[in-house]
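In: Take this sequence and fold it.
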Amino acid sequence: MVINKININKSFGKLRYLIIKIIIKLKLNRILFGLYHLTINILFMSRYIRRFLFKYIYAENIVRKYKFSGKNFISVNEYLNTKNHEVKKRILILRPDHIGDLIYSLPAIYLLKKNFKDYSFEILIGDWNKEIIENLGIFDIVYTANIISENPLYGRLPSVNEILEIVSIIGSVDVVVNLRIDVDISYLINYLKYSKYFYIINQTNSLPDLYNEYTTVNRESKIIGIKLSSLNENISLVTYSFAILIINNFNEKLIKNEISNNNNFDINDDRMKIANLLSNKFYSPNKFGDYIVICPEAGLKIKEWNELKINRFIDKISESYHQINILLIGIKFKYTKKHKNLVNLIGKTSKFEAISLINNSLQFIGFDSGMSHVAAALNKDLVVIFNGSTSFKIWEPQSYSSKIFSISPEISCSPCYLRKISKCPNNFICSEKIDIDTVVRNSMQLYNFKIL
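Out: As a prediction, the model looks like this:
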C-alpha cells in the first residue's frame, strides 16, 4: 500500500475567521505571536520539561485514526515501519505557500528528488496545490495543511491542536528542507521531530539561535541555516542554488556557501523534466483551435490593473487577433462585452481545466501571479505585467526555452512591496505607466515568432 495523500486540514467557523480578520486589521498579530512565545517560555523554562511534555503527554495521547484504502492507520512512522514495507530514511519538503511559490520551486524540488533516491520523499503543501502535486507524481507522501492563508492579504493562525495534529501524523523525519523563506512557519518547526533541518537565511530569519532556543524536541538536531550570496537574483535560481548547497554540504560539518561547477546541476534540464511531467498530466482535448489565454487577475489587487483598463486591454487584444481565439480564465473578474473570437471562461473552470487550457495554448498573458508561473513551467510563451509593487528581476517566471516578455514601469518608487492600493502614497501611478499598446505589441511579436 502506498499512501499518496494524507489530508490534515482543519476547518474553522465564521466567528474564528472574523476574529482573525479583526486581529490582522488592528495589526495585533505580531504582538499576540510574541506574547504566545513569551508565555510558552515562561511556562516551560526548561527544554527538558518541554521535551518531556511533548513526548509523553502531547504526542502519545493524540491518537488519530484515518481511513485510507479501507485500512486504519495512526501515523506515517507506523506505516513506514511495517514488515511489508522497506524502511527508508525520510526527507520532508516544506512548501505550504501559494501556487506561484510552489511552481518556481519545482526545479529545486526535482533536483533534491534525484539526489535523495533512497529516501521517502514527502512534502507539506497548502490544500489549494494538491491537484498539481498529485499529478506531478514525484512524491511518496503528500500532506495538505492550510497553515497559511490562500489569500495573501490575510494571515492564518493555526491553533496549537492543529500544529500538534500535523506533527503527530508526520512523525519523526530524518531531514526537513524549508523552502519558504519567510519566518512565519517557525511555530511548526518548533514541534517537528527531525535530525537535520535546512533553511535559507535572510534579513528576517538570520538568527539560527532563535530556532535552537524555541525547538521543543530537537536538542541534538542539526539546524543549518544557509546564507546565499544574494537573495536579489531570480527567486527560482535562489531556491535551486539552495538545493545545490544542501546536496554539496549534506554530510559536512561546515557549510560552504559555494556552488560547485558540477555538470550534474543543470536547472534548464530540470525545468524541461518538470514541463514534460506537467504537460503529460494536465492535458485535455483542444476544443478551441488556436488560442491565447489571458488571466486578468492576480492574488493581490495591487498587482492588477483597474477594471476599466483591463476591459480596454481585452477589447484591444480581441480586435488585434482575427484568426485565433482569446480565452479568459480566472475566478471573479467580470467582463460583459462580446467579441466574435472571445471565449469568457472566468469562474467556469477548475484549476485542472485552467492549467490544461494554458497547456494547449499558443501564448499566455497575465500579471505577476501563480498562473504566469504555471505557464512558464509548461514552457509557454508569455507576456507578464509587473505593476511595480514587486521586482520583475526577482519574480519573473522562468522556463527552459520559451520566450518571456516581462513589462514593468520605470518609476523610482518601484518595487514598493505594498500589498494594498490604499497604502500607496502615489495614487497607484505605476499601473498607468504601462501602456496597453505595449502589451499588445509584445504579444503580437511572440505570436509572429510562433508562426514563422
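In: Torsion angles phi and psi at residue 94?
Out: For residue 94, the backbone dihedrals are phi -100, psi 110 (criterion: degrees, to the nearest 10).
In: Residue 447 now?
Out: phi -70, psi -40.
In: And for it, the neighbour number?
Out: 18 (other Cβ atoms under 10 Å). C-betas here are computed from N, CA, C, even on glycine.
In: I'd assumed residue 363 was in contact with it.
Out: Yes - the criterion here is Cβ atoms under 8 Å, and residue 447 meets it with residue 363 at 6.3 Å.
In: I'd like the next helix or strand past the helix or strand harbouring residue 240.
Out: In this structure, residue 240 sits in helix 235-249 according to DSSP states H and E. Later in the chain than helix 235-249, the nearest helix or strand by DSSP H and E is helix 267-281.
In: pretty sure residue 143 contacts residue 166?
Out: Yes - if you go by Cβ under 8 Å, residue 143 and residue 166 touch, sitting 7.4 Å apart.
In: between the two, who's got more neighbours?
Out: Counted by other Cβ under 10 Å, residue 143 and residue 166 do not tie: residue 143 has more neighbours, with 25 against 20.
In: Am I right that the more buried one is in a strand?
Out: Yes - the assignment for residue 143 is a strand, going by DSSP: H, G, I helix; E, B strand; the rest coil.
In: if we can go back for a sec, list the residues that contact both of residue 447 and residue 363?
Out: Listed as contacting both residue 447 and residue 363 by Cβ atoms under 8 Å, 6 or more residues apart in numbering are residue 292.
In: Residue 331: neighbour count?
Out: Residue 331, neighbours per other Cβ under 10 Å, totals 10.
In: Do I have it right that it meets residue 297?
Out: Yes - if you go by Cβ under 8 Å, residue 331 and residue 297 touch, sitting 6.3 Å apart.
In: got a pLDDT number for residue 150?
Out: Note on residue 150: pLDDT of 75.
In: Domain map for the chain?
Out: Using automatic domain parsing, the domain parsing of the chain gives 6-280, 282-451.
In: any idea which of these scores lowest on pLDDT?
Out: Among the domains of the chain, domain 6-280 scores lowest, with a mean of 68.
In: Count the residues that sit near residue 98.
Out: Considering only other Cβ under 10 Å, residue 98 is surrounded by 20 other residues.
In: I meant residue 127, not that one.
Out: With other Cβ under 10 Å as criterion, residue 127 counts 14.
In: residue boundaries of the helices in the stretch 351-452 of the chain?
Out: 351-359, 370-377, 392-395, 436-451 (DSSP state H, counting those that start in this stretch).
In: how far away is residue 370 from residue 109?
Out: When distance is defined by Cβ to Cβ, to the nearest Å, residue 370 is 16 Å away from residue 109.
In: Residue 319 now?
Out: 42 Å.
In: next one: residue 245
Out: Taking Cβ to Cβ, one finds residue 245 at 15 Å from residue 109.
In: And for residue 313?
Out: Distance from residue 313 to residue 109, by Cβ to Cβ: 35 Å.
In: higher neighbour count, these two?
Out: Taking neighbours as other Cβ under 10 Å, residue 313 and residue 109 compare with residue 109 leading, 24 against 20.
In: my guess is that one meets residue 93, correct?
Out: Yes - the criterion here is Cβ under 8 Å, and residue 109 meets it with residue 93 at 6.0 Å.
In: okay, and the common contacts of these two?
Out: Joint contacts of residue 109 and residue 93 (Cβ under 8 Å, 6+ apart) are 123, 179.
In: sorry, back to before: so for residue 384, which of the helices of the stretch 351-452 of the chain sits nearest?
Out: helix 370-377 (5.0 Å; Cβ to Cβ).
In: Now do the closest one and helix 351-359, the angle between them.
Out: Angle, helix 370-377 to helix 351-359, by axes from the mean of the first three to the mean of the last three Cα atoms, to 10 degrees: 50 degrees.
In: what does helix 370-377 contact?
Out: By Cβ under 8 Å, 6+ apart, helix 370-377 touches 98-100, 103-104, 106, 271, 274-275, 278, 293, 295, 299, 329, 354-355, 358, 361, 364, 366, 382, 384, 397-399, 402, 404.
In: can you pull out the strands in the stretch 51-200 of the chain?
Out: When secondary structure is read from DSSP state E, counting those that start in this stretch, the stretch 51-200 of the chain shows strands at 66-68, 71-73, 89-95, 119-125, 141-144, 175-178, 196-200.
In: Tell me which other helices or strands the third one touches.
Out: Same thing as strand 89-95. helix 99-115, strand 119-125, strand 175-178 (3 or more Cβ pairs under 8 Å, 6 or more residues apart in numbering; DSSP states H and E).
In: buried set for that strand?
Out: 90-95 (16 or more other Cβ atoms under 10 Å).
In: Closest one of the residues you listed to residue 416?
Out: After measuring the buried residues of strand 89-95 against residue 416 - Cβ to Cβ - the closest member comes out as residue 95, at 26.3 Å.
In: Distance-wise, check that closest one relative to residue 108.
Out: 10 Å.
In: Name the residues contacting each of those two.
Out: residue 179.
In: Tabulate the strands of the stretch 51-200 of the chain in JSON lines, adding columns for distance to residue 439.
Out: Output for the strands of the stretch 51-200 of the chain, formatted as JSON lines (distance: least, Cβ to Cβ, whole Å):
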{"stretch": "strand 66-68", "distance to residue 439": "48"}
{"stretch": "strand 71-73", "distance to residue 439": "52"}
{"stretch": "strand 89-95", "distance to residue 439": "31"}
{"stretch": "strand 119-125", "distance to residue 439": "32"}
{"stretch": "strand 141-144", "distance to residue 439": "36"}
{"stretch": "strand 175-178", "distance to residue 439": "37"}
{"stretch": "strand 196-200", "distance to residue 439": "34"}
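In: Which one of the ones you listed lies nearest to residue 443?
Out: Of these, nearest to residue 443 by Cβ to Cβ is strand 89-95, at 31.5 Å.
In: residues contacting residue 353?
Out: Applying Cβ under 8 Å, 6+ apart, the residues contacting residue 353 are residue 284.
In: hang on, residue 327 in a strand?
Out: Yes - per three-state DSSP, residue 327 lies within a strand segment.
In: Please name the bridge partners of the spatially closest residue to residue 174 that is not a sequence neighbour.
Out: Once flanking residues are discounted, residue 174 sits nearest to residue 89: 4.4 Å by Cβ to Cβ, 6 or more residues apart in numbering. Listed beta-bridge partners, residue 89: residue 119 (assigned using DSSP bridges).
In: and residue 89, how far is that from residue 250?
Out: Taking Cβ to Cβ, one finds residue 89 at 12 Å from residue 250.
In: now residue 337
Out: Residue 337 is 56 Å from residue 250, by Cβ to Cβ.
In: which of the two has more neighbours?
Out: Taking other Cβ under 10 Å, residue 337 and residue 250 do not tie; residue 250 has more neighbours (14 against 10).
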